[in-house]
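S.K.: sequence first, then the predicted structure, then my questions.
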Amino acid sequence: MSAMSDYLELEILDHILGSGAYTMPTVYIGLSTGSFADDNSGTELAGSGYARKAISFSAASSSSASTSATVTFPTATGSWGDVANWGLFDASTAGNLLVHGAFAESKAIGNGDVLQIASGGLTVTAA
């Protein structure tokens with residue numbers, strides 16, 4: 001399950017209703033052991049070799065879109081904990097949260113581990 005952030009909801013409404021323009025961003029995926037919220041609260045991973053990664057999606061169909069290529073995060077240089085949640089952002093650091101959700105299963109990432117999201121392995125759904 002995924003949800004749009006408050007920021008993205010307003011940007012899309014302004015764009016569609018003609019009161020503002022929205023430029024398509026490069027999208028980056030960020031990870032968390034806890035959940036992100038619509039207001040961009042939540043705690044993203046930090047340190048131990050962690051960094052957001054650019055991510056791409058296939059064209060939407062039937063109210064959803066899935067990743068179009070494998071995403072490989074850097075090798076963990078320490079424990080990242082149990083990674084359970086993701087957020088899509090419009091910048092490689094800081095920026096605005098666009099969409100967020102939880103993985104079907106959390107994954108414990110320790111020193112030397114590499115987290116990968118397979119092509120087609122993450123789906124964003126519009127409700």
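M.R.: Done, it's in. Numbers count the residues shown, from 1 in each chain.
S.K.: Tyr50: helix or strand, and which one exactly?
M.R.: For Tyr50, there is no host helix or strand (DSSP states H and E).
S.K.: how about the contacts made by it?
M.R.: 31, 73-74, 76, 80 (CB atoms under 8 Å, 6 or more residues apart in numbering). (C-beta placed from N, C-alpha, C; glycine too.)
S.K.: and which of those residues is nearest Leu122?
M.R.: Checking the contacts of Tyr50 against Leu122 with CB to CB, the nearest one is Leu31 at 11.4 Å.
S.K.: pLDDT weak spots in the chain?
M.R.: Low-confidence segments of the chain, defined by pLDDT under 70: 1.
S.K.: now with 50?
M.R.: Under the criterion of pLDDT under 50, none of the chain is flagged as low confidence.
S.K.: tell me which strands the lengthiest strand in it pairs with, and in which orientation.
M.R.: If you go by DSSP state E, the chain has its longest strand at strand 97-109. The strands beside strand 97-109 in its sheet (DSSP bridges) come out as strand 2-4 (antiparallel), strand 81-89 (antiparallel).
S.K.: would you mind listing the buried residues in it?
M.R.: Buried positions in strand 97-109, judged by neighbour count with 16 or more other CB atoms under 10 Å: 97-101, 109.
S.K.: tell me which two in these are the farthest apart.
M.R.: Once CB to CB is applied, the buried residues of strand 97-109 give Leu98 and Ile109 as the farthest pair, at 23.2 Å.
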